[in-house]
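S.K.: the following block contains a protein sequence and its predicted model.
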Amino acid sequence: MGNSNWSTDAYHARQAYNSSVGSSSFGYTDDVLASTPRSKWKTHPSLDPRDVGVRESRDSDEHPNSLAISVLFDVTGSMGTVPRVLQTKLPDLFGLLLRKGYVEDPQILFGGIGDATCDRAPLQVGQFESGNELEDDLGNILLEGGGGGQATESYELAMYFMARHTAMDCLEKRGRRGYLFVIGDEMAYGSVKAREVREVIGDDVTENIPFPQILAELRRSFEVFFIMPTGSHYYGDPKVRGFWDTHLGQNVIYLDDLEAVSETIAVTVGLAEEAIDLEEGLSDLAEAGSDAGEAVGKALRPLSSARGSVVVAPAPGGLPAGADEGGVGRL
């Protein structure tokens, strides 16, 4: 995976074809809703964590300096519009990362998060891709729209998968962590439940894993961000905000405009890779004709003001200089 190249022309051609035949960009959801009783809904085989094993971001002749960028989004309730926004903004995301030189060889993974206590498709995980195959992964995501309704979703189960079921050359060859953006509006559960890991992912886990423990493990491989967009059900909830502020600090991004999510991700990566400062990123948005600059600037100024050097992962058994106990050198 990850050997192809992004083509904006191919993206627009696909959009035009879908429009001409009356299809949406989320064909799997359309098919399931039209023909399958809810009790039989299931994750698309290409995204089922029980079947996909390990998701890999690898170097190739075409992309010798791969960098893994993961975007997992809550597909429950009011968050169900997020993947549709991401799909329409793919050219903006790749355009900033590539044309502006933020990242030489980005490989992007998309996935969906639900609630393992009640949903039919609580975790859906695509592949790291360098090109338009990303549209296939997005199109195969089931926009279930469920959730438990208790201000919690199974973010911790997704974090478990990303911590233990990914392999990345950026980390293994160059000691550089990948990026993980979780887009949501609720809290994680207090622990990764062993039963849910066995049922959803298929690992033989016998004991629950406390949330802080799995987050610390995850952060040895990924720089983790949580994006909470306005308009989501719990956007202003102090309990939800307090949960993520406590666990991720400056890496919680409060975004006033959901339509700016792709630009926010791109500029965040550019900042962390030291390719730009915030004002340069906002200038790049304006040059590209984007009106997301105000929302992106407001969302990222706290992160930008605290920004330090690019984060390098610890060697096995050690921590990088300036790391906290979770193995995280802060931005």
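M.R.: Structure received.
S.K.: quick one: mean pLDDT over the helix or strand containing Ala16.
M.R.: According to DSSP states H and E, Ala16 maps onto helix 8-21. What helix 8-21 shows for mean pLDDT is 85.
S.K.: right, and the helix or strand after that helix?
M.R.: Downstream of helix 8-21 (by DSSP H and E), the next one is helix 27-35.
S.K.: residues in contact with that next one: which ones?
M.R.: By Cβ atoms under 8 Å, 6 or more residues apart in numbering, the residues outside helix 27-35 that reach it are 23-24, 41, 44, 139-143. For every residue, glycine as well, the C-beta is placed using N, CA and C.
S.K.: for it, the distance to its chain's centre please.
M.R.: 24 Å (Cα atoms, centre = their mean, to the nearest Å).
S.K.: mind listing what's buried in that helix?
M.R.: 28-29, 32 (16 or more other Cβ atoms under 10 Å).
S.K.: ok, now stretch 245-263?
M.R.: 247-248, 251-255, 257-263.
S.K.: and the buried residues of helix 27-35, which is closest to Tyr17?
M.R.: Checking the buried residues of helix 27-35 against Tyr17 with Cβ to Cβ, the nearest one is Tyr28 at 16.9 Å.
S.K.: can you pull up the bridge partners for the most centrally placed residue in the chain?
M.R.: By Cα atoms, centre = their mean, the mean C-alpha position of the chain lies nearest to Val71, the distance being 1.3 Å. Beta-bridge partners recorded for Val71 (DSSP bridges): Phe110, Phe181.
S.K.: residues in contact with it?
M.R.: 86, 108-111, 181, 183, 265.
S.K.: what's the closest of the residues you listed to Val197?
M.R.: Taking the contacts of Val71 together and measuring to Val197 by Cβ to Cβ, the closest member is Gly111, at 16.0 Å.
S.K.: secondary structure and distance to Leu93 added to the contacts of helix 27-35, as a markdown table?
M.R.: Converted to a markdown table, the contacts of helix 27-35 look like this (DSSP: H, G, I helix; E, B strand; the rest coil; distance: Cβ to Cβ, whole Å):
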| residue | secondary structure | distance to Leu93 |
| --- | --- | --- |
| Ser23 | coil | 23 |
| Ser24 | coil | 20 |
| Trp41 | coil | 29 |
| His44 | coil | 22 |
| Gly139 | helix | 16 |
| Asn140 | coil | 19 |
| Ile141 | coil | 16 |
| Leu142 | coil | 22 |
| Leu143 | coil | 20 |
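S.K.: those residues: which two are farthest apart?
M.R.: Farthest pair in the contacts of helix 27-35, by Cβ to Cβ: Ser23 and Trp41, 19.7 Å.
S.K.: more crowded one of those two?
M.R.: Trp41 (16 against 12; other Cβ atoms under 10 Å).
S.K.: which one is that one nearest to, not counting chain neighbours?
M.R.: Nearest non-adjacent residue to Trp41, counting by Cβ to Cβ, 6 or more residues apart in numbering: Arg120, 4.1 Å away.
S.K.: confirm the one you found sits in a helix?
M.R.: No. Counting by DSSP: H, G, I helix; E, B strand; the rest coil, Arg120 is not part of a helix but coil.
S.K.: burial of it, as a residue count?
M.R.: 16.
S.K.: with Gly202 instead?
M.R.: For Gly202, using other Cβ under 10 Å, the count is 14.
S.K.: so it makes contact with Arg50?
M.R.: Yes. Gly202 is within contact range of Arg50, at 4.3 Å (criterion: Cβ atoms under 8 Å).
S.K.: need the per-residue pLDDT for the residue nearest to Trp41.
M.R.: So, for Arg120, pLDDT stands at 91.
S.K.: surely it touches Pro37?
M.R.: No. Using Cβ under 8 Å, Arg120 makes no contact with Pro37, being 10.6 Å away.
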